[in-house]
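**Q** I would like to see how this sequence folds:
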Amino acid sequence: MGDKTMTADEAVARLRSGMTLGIGGWGSRRKPMALVRALLRTDVRDLTVVSYGGPDVGMLAAAGRIRKLVAAFVTLDSIPLEPHYRAARERGAIELMEIDEAMFMWGLRAAANRLPFLPVRAGLGSDVMRVNPGLRTVTSPYDDGETFVAMPALRLDAALVHVNRADRLGNGQYLGPDPYFDDLFCEAADEAYVSCERIVDTAELTKEAAPQTLLIGRHTVTGVVEAPGGAHFTSCVPDYGRDEAAQREYATTAWPEYAERLLDSPAREGS
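**A** Below is the predicted model:
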């Protein structure tokens, strides 16, 4: 029930090499980039990253921080395939568990509910089963006898997400058209760090929008970081859209040069 506010650097200082790290958002939308940039300023590496991937994955892969990636895709949306991720894959630098979007969601749901797996139809009859030989199927114990993929829980040591508003207790609110699955990332994790555009009093959360927009409950949150512009260059609607010019610069700049600029210049988000 206490004040959970901290800086981005304080949040990532709690992360350790070898962790399984979930990163919220979707492609190049509402990614917790202030926290990702802070993470890049540390020496944390050997991560298993679980993400509906965007530039978060691209940056961490280019920096050599990812050992294994669990993802359904890695995209910049307006640029279909994340180029720095692609380069890392072509070098054979990271292990990949590529699964269907619904399987990914069901893995988070299983973890959020502390279940070892959940049955899902997605993946059956596809190459998902071939490229992931560790996946198993399960047969319904009821009269239908149907076969499902047994999607294993995607348990996370920690999660990073970004929302529009939050209070100091850890309640998080989205104001855009899509919640994505940030709540599941927080619920699936042992620790969750939420950055937001603005910290407000708890009572202000429901003055600005309906109670249904309170996506993240304080009981799932370890720390709250106020980071205006903290999703940049990805979008955080309605506060701002994707910065296409900045994204193009990122996508067309060699990583060492971009990383030097990124880490040596003041953070746009003021974190």
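
**Q** what is the end-to-end distance of stretch 45-62?
**A** Between the opening and closing residues of stretch 45-62 there is a gap of 12 Å (Cα to Cα, to the nearest Å).

**Q** same question for it, mean pLDDT?
**A** The predicted model assigns stretch 45-62 a mean pLDDT of 98.

**Q** buried set for it?
**A** Buried residues in stretch 45-62, counted by 16 or more other Cβ atoms under 10 Å: 47-62. No exception for glycine: its C-beta is placed from N, CA and C like everyone else's.

**Q** quick one: which of these sit in strands?
**A** Residues from the buried residues of stretch 45-62 lying in strands, with DSSP state E as the criterion: 47-51.

**Q** of those, closest to Ile99?
**A** For Ile99, the nearest member of these is Val50. The distance, counting by Cβ to Cβ, is 10.4 Å.

**Q** Asp157 belongs to a helix?
**A** No: assigned with DSSP: H, G, I helix; E, B strand; the rest coil, Asp157 falls outside any helix and is strand.

**Q** touching, Tyr180 and Arg30? I think so.
**A** Yes: assessed by Cβ atoms under 8 Å, Tyr180 is found in contact with Arg30 at 6.5 Å.

**Q** and which of the buried residues of stretch 45-62 is nearest to Ala88?
**A** Distance to Ala88 across the buried residues of stretch 45-62 (Cβ to Cβ) is lowest for Ala61, with 3.8 Å.

**Q** which one is that closest one nearest to, not counting chain neighbours?
**A** Spatial nearest neighbour of Ala61, chain neighbours left out: Ala88 (3.8 Å); criterion: Cβ to Cβ, 6 or more residues apart in numbering.

**Q** what residues are up against the one you found?
**A** 58, 61-62, 66, 94 (Cβ atoms under 8 Å, 6 or more residues apart in numbering).

**Q** Ser235 too?
**A** Shown in contact with Ser235 (Cβ under 8 Å, 6+ apart): 28-30, 176, 241-242.

**Q** identify the farthest-apart pair in the residues you listed.
**A** Going by Cβ to Cβ, the two entries of the contacts of Ser235 that are most distant from one another are Ser28 and Gly176, at 13.4 Å.

**Q** of those two, which one has the most company?
**A** With other Cβ atoms under 10 Å as the criterion, Ser28 and Gly176 differ in neighbour count, and Ser28 comes out ahead with 27 against 16.

**Q** show me where the chain has strands.
**A** Taking DSSP E as the criterion, the chain carries its strands at 20-23, 47-51, 66-71, 95-98, 117-120, 136-139, 147-152, 156-166, 172-173, 189-199, 214-216, 223-226.

**Q** would TSV of those strands with distance to Ala111 be doable?
**A** TSV is the format used below for the strands of the chain (distance: least, Cβ to Cβ, whole Å):
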stretch	distance to Ala111
strand 20-23	9
strand 47-51	9
strand 66-71	11
strand 95-98	14
strand 117-120	9
strand 136-139	17
strand 147-152	9
strand 156-166	7
strand 172-173	18
strand 189-199	8
strand 214-216	16
strand 223-226	20
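
**Q** give me the subset of the contacts of Ala88 lying in helices.
**A** Filtering the contacts of Ala88 for membership in helices, criterion DSSP state H, returns 58, 61-62.

**Q** now, among those residues, which is nearest to Glu197?
**A** Gly58 (22.7 Å).

**Q** and that closest one, how far from Tyr193?
**A** Relative to Tyr193, Gly58 is positioned 20 Å away (Cβ to Cβ, to the nearest Å).
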